[in-house]
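**Q** Got a sequence here, can you model it:
(one chain, ligands or ions: 3)
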Amino acid sequence: MPSACQVLDGRTLATQVRSEVAARVARRCAAGASVPGLAVVLVGEDPASQVYVRHKIAACEQVGMRSLSHRLSAGVSETELLMLIEQLNADPAVHGILVQLPLPAHIDVRRVIGRIAPGKDVDGFHPENLGRLAAGVPGLRPCTPKGCMRLLASAGVDPCGKLAVVVGASTIVGRPMALELLKAEATVLVAHKQTCDLPQLVRQADILVVATGVPGLIRGDWIKPGAVVLDVGITRLADGRLTGDVQFETASARASWITPVPGGVGPMTIACLLENTLEAAEASA
Ligand SMILES: NC(=O)C1=CN([C@@H]2O[C@H](COP(=O)(O)OP(=O)(O)OC[C@H]3O[C@@H](n4cnc5c(N)ncnc54)[C@H](OP(=O)(O)O)[C@@H]3O)[C@@H](O)[C@H]2O)C=CC1
Ligand SMILES: Nc1nc(=O)c2c([nH]1)NC[C@@H]1CN(c3ccc(C(=O)N[C@@H](CCC(=O)O)C(=O)O)cc3)C=[N+]21
Ligand SMILES: [Mg+2]
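**A** Numbers count the residues shown, from 1 in each chain. Ligands and ions are numbered 1, 2, ... in the order given. Below is the predicted model:
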């Protein structure tokens, strides 16, 4: 890797964000306010989801917040899940609600997300919060795009006037990422499976964000020299290692900044979840 390319270290930045959150939580509690509480709902036994949920719970405890985990069997009915959401909506000790995705196929994800009180939707997936982001007004923001914007700021990269390409258009990452970049006055292109000539699009990007779940999709020789590359994708290989959507070695020969996998965007997602939970608590009382 030439000295021109710098690794954007998500672990270090996430540690900073978490210590800021911990200090704010301590101040809030010392002033007599309630301990911020995050309810994490996990349906089924998916091992990867179980690992993520454990990470989130540990992260909460580390910053002095309370976490309540609700584990439901894979066969739980949608009605039962909606009843749990209503119960958490009504619980004043719960400031944030996170329903781990994906959900089993018999459950309508949009109905479940739509039932979460928007003020407790710390994932920022509720249509009201996505609408606020689209309108550029304050609200709870999806954690991964928020973490990506923090990573850009930490590298001193201002998206204003730059050409940003977002590869992937999911409701949880790609779309809200495009909206964040648009709010920051980038010119934004969004690619997905039907996009013709992905390499040609990627070659123009000053800022490239990739969230497809296709390991190694983006070749290093597609990267514009000096581009800033954020790799959201995480795939576990057969040997247990994690890998991103960007071919890191060759991409880092051309990029000015690049996030590694692991240790890039992922830790920032969790840090922003904690920050959103604190913001939800502060807004509630
Ligand atoms: N680091 C983190 O904190 C997080 C990481 N992730 C990871 O990010 C990745 C994406 O997650 P998520 O957004 O939920 O995934 P989804 O499967 O919901 O969305 C993937 C998106 O990528 C597009 N896509 C898939 N294949 C291609 C291709 N060959 N060319 C162009 N576009 C393509 C899809 O297009 P179409 O719309 O046409 O189907 C879709 O828009 C996964 O690896 C996931 O594990 C996710 C969340 C947080
Ligand atoms: N309602 C909901 N909200 C989510 O935010 C959500 C979700 N469902 N479902 C799954 C995806 C995925 N996701 C990750 C978060 C952190 C890391 C993370 O911390 N990754 C570490 C590595 C972790 C490891 O070693 O396994 C890293 O990249 O360095 C990864 C992935 C959140 N998601
Ligand atoms: Mg999809």
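
**Q** so what are the domain limits for the chain?
**A** 33-131, 142-266 (the TED database).

**Q** I'd like to know which of those domains is closest to ligand 2.
**A** Nearest to ligand 2 among those is domain 142-266 (2.3 Å), distances taken as Cβ to the nearest ligand atom. From N, CA and C alone the C-beta is placed, and that goes for glycine too.

**Q** gap between the closest one and the chain center?
**A** Remark: domain 142-266 is offset 13 Å from the chain centroid, using Cα atoms, centre = their mean, to the nearest Å.

**Q** any idea of the mean pLDDT in it?
**A** The average pLDDT within domain 142-266 is 98.

**Q** Give the burial count for the nearest residue to residue 154 once chain neighbours are set aside, as a bare number.
**A** Using Cβ to Cβ, 6 or more residues apart in numbering and skipping residues adjacent in sequence, the residue nearest residue 154 is residue 13, 5.2 Å away. By other Cβ atoms under 10 Å, 20 other residues sit near residue 13.

**Q** ok so, going back, so which of the domains of the chain is nearest ligand 1?
**A** domain 142-266 (3.1 Å).

**Q** sec struct for the residue nearest to residue 154, please.
**A** Recorded secondary structure, residue 13: helix (DSSP: H, G, I helix; E, B strand; the rest coil).

**Q** what's the helix or strand for residue 209?
**A** Here residue 209, judged by DSSP states H and E, is contained in strand 207-210.

**Q** can you tell if stretch 116-131 touches ligand 2?
**A** Yes. Contact of stretch 116-131 with ligand 2 (Cβ under 6 Å from any ligand atom) involves residue 123.

**Q** re earlier: okay, now the sheet partners of the helix or strand following the strand holding residue 209, with direction.
**A** Downstream of strand 207-210, the first helix or strand assigned by DSSP H and E is strand 228-231. Using DSSP bridges, strand 228-231 pairs in its sheet with strand 207-210 (parallel), strand 257-258 (parallel).

**Q** Now do strand 228-231: everything it contacts.
**A** The contact list for strand 228-231, computed with Cβ atoms under 8 Å, 6 or more residues apart in numbering, reads 8, 148, 151-152, 155, 157, 206-210, 218, 223, 244-246, 248, 251, 255-261, 264-265.

**Q** out of those residues, who's near ligand 2?
**A** Near ligand 2, by the rule Cβ under 6 Å from any ligand atom, you find residue 261 out of the contacts of strand 228-231.

**Q** Just the buried ones from the contacts of strand 228-231?
**A** Listed as buried from the contacts of strand 228-231 are 8, 148, 151-152, 155, 157, 206-210, 218, 223, 244-246, 248, 251, 255-261, 264-265; burial here means 16 or more other Cβ atoms under 10 Å.

**Q** ok so, going back, pLDDT at the residue nearest to residue 154, what is it?
**A** The model's pLDDT for residue 13 equals 98.

**Q** Next: residue 2.
**A** pLDDT for residue 2: 47.

**Q** Pull up the residues of the stretch 101-250 of the chain that are close to ligand 1.
**A** Applying Cβ under 6 Å from any ligand atom, we find that the stretch 101-250 of the chain lies next to ligand 1 at 144, 167-170, 172-174, 191-195, 198, 211-214, 217, 232-235.

**Q** Filter the residues you listed down to just the ones in helices.
**A** With helices defined by DSSP state H, the entries of these inside them are 144, 174, 198.

**Q** Among those, which one is most surrounded by other residues?
**A** residue 144 (27 neighbours).

**Q** Make sure that one is actually in contact with residue 177.
**A** Yes. If you go by Cβ atoms under 8 Å, residue 144 and residue 177 touch, sitting 7.3 Å apart.

**Q** Overlap in contacts, the two.
**A** Common contacts of residue 144 and residue 177 (Cβ under 8 Å, 6+ apart): 211, 232.

**Q** who's in contact with the residue most central in space within the chain?
**A** When Cα atoms, centre = their mean is applied to the chain, the residue found nearest the centroid is residue 144 (1.8 Å). Counting by Cβ under 8 Å, 6+ apart, residue 144 touches 172-173, 176-177, 211, 232, 265, 268-269, 272.
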